[in-house]
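Student: just the structure for this:
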Amino acid sequence: MRAVGYGSSRGDASPACLVNLNLPEPQPGPQDLLVAVEAVSVNPVDAKVRRRDTPADGDVRVLGWDCAGTVLGLGEAVQGFAVGDRVWYAGALNRPGCNSERHCVDHRLVGHRPQAWSPAEAAALPLTAITAWELLFDRLRLPRAADPQPPQTLLVVGAAGGVGSILVQLARALTQLTVVATASRDASRAWLQQLGVEHVINHHQPLAAQLEALSLPPVTAAISLTHSAAHFDALVELLAPQGALALIDDPDPSAINVLALKRKSLALHWELMFTRSLYQTADMAEQGQILEAVAALASAGQLRTTLQRTLGPIDATRLQEAHHWVESGAAIGKLVLQGWG
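Tutor: As a prediction, the model looks like this:
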């Protein structure tokens, strides 16, 4: 089976360590689907794992946590899926990734992908859609559109990347919140406006002053998707008392003064999409249900794919290029590889 990964003998942690591999066929466990991988996307977590994890001698590490594919086989405990189903998922951090022709994944983490979307359009979304959904509704517990609520504003810092691009769409589709996104480049601002964001401000300029000029409802929730240490003090300043802040990146703890949250009784939340699968939580199947809900919204025309670039077939050279793009800090939306050449 063709795959892309790296071994214990890599010379460094750069994308150049990725190589084409020929691996044994995966064997599904009782809870697993065996999936023919049609398209994959690359996320910052791929680069983080590549930089920090060196396999044991003789082992290899296959990355990849965004997949669109077709079910080839079922474990004995699987329910809700059949051979031939077209699916999408992000999978689990503590299992081999999906940069391989065939892949085993716990069916509780899987959803049926939007019928009208191509594999590339679908592969752009699973990890970021789950992350965004969990940020909005599991971590911040934001009210849905049907819930009684006073006018309030959600601020999303660094919103033009993969997570932000689907998060602003979910917030607009499922809540009554006024959404304000930040972007620092013309291309990023234009992309967010294409996604329907009415208010886009620049995170390289003072945030509180820009928000004040917009005369919007109070900012009761903020989500920082990148460079959180640089924005932390400003976010504490502009958040309304008893508001909440959520992060997904890994800021230096010494650069964040958590005691600054106390005066306003602000809540701080971290989101890691892999927590449920890492700890086999009782609600692990929520991730499959999230993907089903996102697919329904997409099929109803309420969401669009965040696909921005398709590099071509899956191989080591193209995945190296994808890793460079993700690590550049200039990524807008998502990048996908489709097919095996």
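Student: hmm, what's the outermost residue in the chain?
Tutor: Arg263 (32.0 Å; CA atoms, centre = their mean).
Student: that one in helix, strand or coil?
Tutor: Assigned state for Arg263: coil (three-state reduction, DSSP: H, G, I helix; E, B strand; the rest coil).
Student: give me the phi and psi for it.
Tutor: phi -60, psi -40 (degrees, to the nearest 10).
Student: over to the one 4 residues further on?
Tutor: Dihedral angles of Ala267 (phi, psi; degrees, to the nearest 10) stand at phi -100, psi 150.
Student: then Ala187 would be within a strand, right?
Tutor: No. Counting by three-state DSSP, one finds Ala187 to be helix, located in no strand.
Student: pull the contacting residues for it.
Tutor: With contact set as CB atoms under 8 Å, 6 or more residues apart in numbering, Ala187 has these partners: Ala160, Ile332. For every residue, glycine as well, the C-beta is placed using N, CA and C.
Student: what about it, distance to Ala39?
Tutor: 24 Å (CB to CB, to the nearest Å).
Student: next one: Arg172
Tutor: Counting by CB to CB, the gap from Arg172 to Ala39 is 26 Å.
Student: next up, the contacts around the residue nearest to Pro217 when sequence neighbours are not counted.
Tutor: Leaving aside its sequence neighbours, Pro217 sits nearest to Pro151 (CB to CB, 6 or more residues apart in numbering; 3.7 Å). By CB under 8 Å, 6+ apart, Pro151 lies in contact with Gln176, Thr178, Pro217.
Student: just checking, the first one touches Pro150?
Tutor: The reference is to Gln176. No. Counting by CB atoms under 8 Å, Gln176 does not reach Pro150; the two are 9.9 Å apart.
Student: the more surrounded of the two?
Tutor: Gln176 (17 against 9; other CB atoms under 10 Å).
Student: re earlier: okay, Arg172 and Ala39: which has more neighbours?
Tutor: Ala39 (25 against 20).
Student: what's the neighbour count on Arg204?
Tutor: I think there's a mix-up here, since residue 204 is His and not Arg. A count of nearby residues for His204, using other CB under 10 Å, gives 11.
Student: looks like it contacts Arg185 (just checking).
Tutor: No. His204 is beyond contact range of Arg185, at 9.7 Å (criterion: CB under 8 Å).
Student: lovely, talk soon.
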